[in-house]
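S.K.: Model the following, please.
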Amino acid sequence: MKRHFTGLTDPGLVRSANQDSYYFDPEGRFFIVADGMGGHAGGEQASRIAAETIREYLEANWKSSDKSDVLLKTALKEANQAILIDQVEHPERQDMGTTAVIVAFRQKQVWRGHVGDSRLYRFGENTLEQLTEDQTWVGKAMKAGDITAEQAKVHPWRHVLSQCLGRKDLYQIDVAEIDLQVGDRLLLCSDGLTEEVPDEQIKSIMTEGETPEKTAAILVETAKENGGSDNVTVVLVSEEVA
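M.R.: Model prediction:
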């Protein structure tokens with residue numbers, strides 16, 4: 001088995017700064033995407049703190065006896081606390097926050113953890129499946145049956161998060177194991193991709209069978225061609241036969 005992975009980020013066509021951050025472990029053990037908010041400096045700082053804190057925690061505790069779900073939850077809690085501390089030290093950034101999505105290959109299992117609306121998809125057997133559930137106002141409204149999926153796409157509150165890192169009232173961290181088959185691809189991304197590129201178009205691009213590097217470049221370029229209204233970040237991971 002050989003793990004192939006790559007990442008790419010772009011500020012898009014409208015924003016002057018890139019408030020997204022991503023990281024992938026050189027050994028292919030874990031992958032992170034974070035999408036910051038709260039003004040120019042605040043958003044950049046929040047996503048950077050989250051990615052760095054998660055990376056440091058996972059590296060330090062990778063070989064611990066902690067179960068993987070506990071490891072990811074704690075990493076996200078540590079990131080939340082690090083952002084809260086920075087808010088106190090820098091009041092001008094007190095409104096900053098960030099999403100985060102993580103994938104970890106550990107102890108012969110694959111796990112995901114996330115807060116916010118950055119997404120994780122699995123592509124395999126010509127099927128694209130969203131594995132994370134957006135923690136947004138419209139996401140909750142859809143789940144309750146108050147609005148439809150079509151209404152959610154254009155709702156004025158579709159960007160309002162119900163959860164993010166950088167809040168004292170963080171109460172929902174979603175963690176779950178992933179069933180990953182040989183040949184499957186995982187896509188971690190910020191909403192700069194999903195706001196501009198619908199799932200069917202993402203699926204079409206993934207179906208082309210290009211290398212992860214080429215696929216990532218096409219996804220980012222397509223988001224820009226479709227408007228590029230936000231920063232866009234993608235990380236692609238695949239398990240291939242050696």
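S.K.: So what does Val110 have for phi and psi?
M.R.: Dihedral pair for Val110: phi -120, psi 130, per degrees, to the nearest 10.
S.K.: nearest spatial neighbour of it, skipping sequence neighbours?
M.R.: Of all residues not flanking Val110 in the chain, Ile178 sits nearest, at 4.3 Å (CB to CB, 6 or more residues apart in numbering). Placement of C-beta: from N, CA and C, glycine included.
S.K.: is it true that the one you found touches Gly113?
M.R.: No: with contacts counted by CB atoms under 8 Å, Ile178 stays clear of Gly113, the gap being 10.7 Å.
S.K.: Compare those two and say which one has the larger neighbour count.
M.R.: The residue with more neighbours, out of Ile178 and Gly113, is Gly113; 26 against 16, by other CB atoms under 10 Å.
S.K.: check contacts around the nearest residue to that one once chain neighbours are set aside.
M.R.: Closest residue in space to Gly113, ignoring its immediate chain neighbours: Leu72 at 3.5 Å, by CB to CB, 6+ apart. Leu72 is in contact with 102, 104, 111-113, 173, 175, counting by CB atoms under 8 Å, 6 or more residues apart in numbering.
S.K.: same thing but at 7 Å, please
M.R.: For Leu72, the contact set (CB atoms under 7 Å, 6 or more residues apart in numbering) comprises 102, 104, 111, 113, 175.
S.K.: And the contacts of the worst-scoring helix or strand of the chain on mean pLDDT?
M.R.: Among the helices and strands of the chain, helix 149-154 carries the lowest confidence by mean pLDDT, DSSP states H and E, at a mean of 74. By CB under 7 Å, 6+ apart, the surrounding residues in contact with helix 149-154 are 138, 142, 158.
S.K.: 8 Å - rerun?
M.R.: 138-139, 141-142, 158.
S.K.: With stretch 156-168 instead?
M.R.: The contact list for stretch 156-168 (CB under 8 Å, 6+ apart) reads 34, 37-38, 46, 50, 76, 79-80, 83-84, 87, 96-100, 115-117, 135-140, 152, 170-172, 191.
S.K.: Turn the contacts of Leu72 into a markdown table, including secondary structure, pLDDT and distance to Pro26.
M.R.: Shown next, in a markdown table, are the contacts of Leu72 (DSSP: H, G, I helix; E, B strand; the rest coil; pLDDT from 0 to 100; distance: CB to CB, whole Å):
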| residue | secondary structure | pLDDT | distance to Pro26 |
| --- | --- | --- | --- |
| Ile102 | strand | 98 | 16 |
| Ala104 | strand | 98 | 15 |
| Trp111 | strand | 98 | 19 |
| Gly113 | strand | 98 | 20 |
| Val175 | strand | 98 | 24 |
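S.K.: and those as TSV, adding distance to Thr222?
M.R.: TSV is the format used below for the contacts of Leu72 (distance: CB to CB, whole Å):
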residue	distance to Thr222
Ile102	25
Ala104	28
Trp111	29
Gly113	27
Val175	30
